[in-house]
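S.K.: coords below, sequence missing:
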Ligand SMILES: Nc1ncnc2c1[nH]c(=O)n2[C@H]1C[C@H](O)[C@@H](COP(=O)(O)OP(=O)(O)OP(=O)(O)O)O1
């Protein structure tokens, strides 16, 4: 088990026994204009979907460091303040590895938005998200972000990696789990 994983705090013993691969997902906010920066994924997993910016956490970094690094790599922005707002756990049919995604809001950042090899950035109104072009779970938990609530979501998916067969989504006071 990756010592940086926090999933065991909320999972039952069967799910705790699974390997967990850690990911980050960062949403830069422009609060003055009620906008959020999304990126259209240009390759690989989630190709042609809009999402926040993120990816796998490397072995040598903390989760927050991974979040900052992926945001720079994929959008050009350097986060100067970030808030951990959610934890997402994905369990895929016939896959022994769970995805553990740490979701952040970037409230302030420096730099210029650039298109990367992986992502084409675009600003969206926070109340008018392109959910038909996003992962199916996003429309479920985005309302927690709008309400300023921290959340935990567990999603069970078919092997197509898109069809949700079961979900458990709820607000939490803290994501510190200590
Ligand atoms: N279902 C769902 N909802 C919301 N967000 C996500 C998903 N599935 C996901 O994979 N994601 C997020 C989590 C990560 O931010 C990315 C996936 O990261 P990925 O592009 O595979 O990781 P990288 O490390 O950038 O990949 P490569 O550099 O190896 O291409 O999507």
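M.R.: Ah, there it is. Model, not experiment: these values are computed from the prediction. Numbering: from 1, shown residues only.
S.K.: what are the ranges of the helices in the chain?
M.R.: Along the chain, counting by DSSP state H, helices occupy 13-16, 63-75, 138-146.
S.K.: helices and strands around the second one, which ones?
M.R.: What it means is helix 63-75. Judged by 3 or more Cβ pairs under 8 Å, 6 or more residues apart in numbering; DSSP states H and E, helix 63-75 is in contact with strand 19-30, strand 35-41, strand 78-92, strand 97-110, strand 119-125. Just so you know, the C-beta spots here come from the backbone N, C-alpha and C atoms, and that holds for glycine as well.
S.K.: could those be laid out in JSON lines, adding mean neighbour count, distance to the ligand and mean pLDDT?
M.R.: Output for the helices and strands packed on helix 63-75, formatted as JSON lines (neighbours: other Cβ atoms under 10 Å; distance: least, Cβ to the nearest ligand atom, whole Å; pLDDT from 0 to 100):
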{"stretch": "strand 19-30", "mean neighbour count": "20", "distance to the ligand": "4", "mean pLDDT": "98"}
{"stretch": "strand 35-41", "mean neighbour count": "21", "distance to the ligand": "7", "mean pLDDT": "98"}
{"stretch": "strand 78-92", "mean neighbour count": "18", "distance to the ligand": "6", "mean pLDDT": "97"}
{"stretch": "strand 97-110", "mean neighbour count": "19", "distance to the ligand": "5", "mean pLDDT": "98"}
{"stretch": "strand 119-125", "mean neighbour count": "16", "distance to the ligand": "9", "mean pLDDT": "97"}
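S.K.: middle-most residue in this protein, spatially?
M.R.: Central residue of the chain (Cα atoms, centre = their mean): residue 25, 3.1 Å from the mean position.
S.K.: measure the closest residue to that residue other than its chain neighbours to the ligand for me?
M.R.: Spatial nearest neighbour of residue 25, excluding adjacent residues (Cβ to Cβ, 6 or more residues apart in numbering): residue 54 at 4.0 Å. Distance, residue 54 to the ligand, by Cβ to the nearest ligand atom, to the nearest Å: 3 Å.
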